[in-house]
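Q: Take this sequence and fold it.
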Amino acid sequence: MSINKLAVNCARYLTIKLQKSDSYPEEILVYGLELIFIGIIGFLAVIAGGFLVGAPAETVVALFAASLLRLPGGGKHLSSPFKCIVFTVLIFSTMGFICLLLSLSFLNKVYILYIVISSGFFSLLISILYTPVINPEKPIKSPVLRHKLHLMAIFVSIIVPLILLFMLRRWPSLSFSGAVGLTWQSLMILLARIINLREVKTCSSA
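A: Residues are numbered from 1 along each chain as shown. Purely as a prediction, here's the structure:
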């Protein structure tokens, strides 16, 4: 059974239990349940990938830092949930493994400190300039909502590095992986912005 079918069946069951006859609430439930199911499956898959490479904590922290910025900041979407999950597992498990390896080998706390601070300034700059990245397929029409997402992205870019600095003394590898995850998502926002601008220019020239 696909994620969409599972979400539809659950939404229909909930709609009947809630005694809603119109289709609009059911569509909202389907969309929300799909996001929840994909999120749960993706999170479990990332944890499994982290265990496979021997760096589950680093993998999860990198994913968590990136996700906190992605929620308000936006980014590009792959063509299917399955591709998104596979890509996420590969990227963040690799990220967690490399961060653990480097932090145990030659990256001491001073270097990680510079990396965390740099990631904070970079994500803050990207958040100020480009968030939220608008998905052409699902545009955010409300200027109030866009402003709130913009402020949330800036807040994340400030608070996450502060948390990572607090973690640095006791868990340097986790602090490092969180900084790398935050930088990764900042780059994804920048990439999405560039792609959107190119698509607009292409449509205008056509």
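
Q: Could you list the residues in contact with the helix or strand hosting residue 87?
A: Under the criterion of DSSP states H and E, residue 87 resides in helix 81-105. Helix 81-105 is contacted from outside by 3, 34, 38, 41-42, 45-46, 48-50, 52-63, 66, 77-78, 112, 172-173, 176-177, 180-181, 184, using C-beta atoms under 8 Å, 6 or more residues apart in numbering. Bear in mind the C-beta positions are built from the backbone N, C-alpha and C, glycine included.

Q: what pLDDT, on average, does the helix or strand just after it get?
A: Beyond helix 81-105 on the C-terminal side, the first helix or strand identified by DSSP H and E is helix 109-130. Helix 109-130 comes out with an average pLDDT of 97.

Q: what do you get for stretch 83-91?
A: 92.

Q: Taking helix 109-130 as reference, get the angle to the helix holding residue 87.
A: With axes from the mean of the first three to the mean of the last three C-alpha atoms, to 10 degrees applied, the angle from helix 81-105 to helix 109-130 works out at 150 degrees.

Q: ok, residue 185 touching residue 73?
A: Yes: the pair residue 185 / residue 73 is scored as a contact, 6.9 Å apart, by C-beta atoms under 8 Å.

Q: which residues sit in contact with the most centrally placed residue in the chain?
A: Closest to where the C-alpha atoms of the chain average out (C-alpha atoms, centre = their mean) is residue 67, at 2.9 Å. With contacts defined as C-beta under 8 Å, 6+ apart, residue 67 is in contact with residue 185.

Q: just to revisit the earlier point, so which of the contacts of helix 81-105 are in helices?
A: Counted as lying in helices by DSSP state H, out of the contacts of helix 81-105, are 3, 34, 38, 41-42, 45-46, 48-50, 52, 56-63, 66, 112, 172-173, 176-177, 180-181, 184.

Q: Buried among these? Make that a ChimeraX selection.
A: Applying 16 or more other C-beta atoms under 10 Å to these, the buried members can be selected in ChimeraX as follows:
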select :3,34,38,42,45,46,49,50,56,58,59,60,61,62,63,66,112,172,173,176,177,180,181,184
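
Q: what's the burial count for residue 69?
A: Look at residue 69: counted by other C-beta atoms under 10 Å, it has 27 neighbours.

Q: Spatially, which residue comes closest to it, not counting chain neighbours?
A: residue 185 (4.5 Å; C-beta to C-beta, 6 or more residues apart in numbering).

Q: got a list of what residue 45 touches?
A: Contacts of residue 45 (C-beta under 8 Å, 6+ apart): 85, 88-89.
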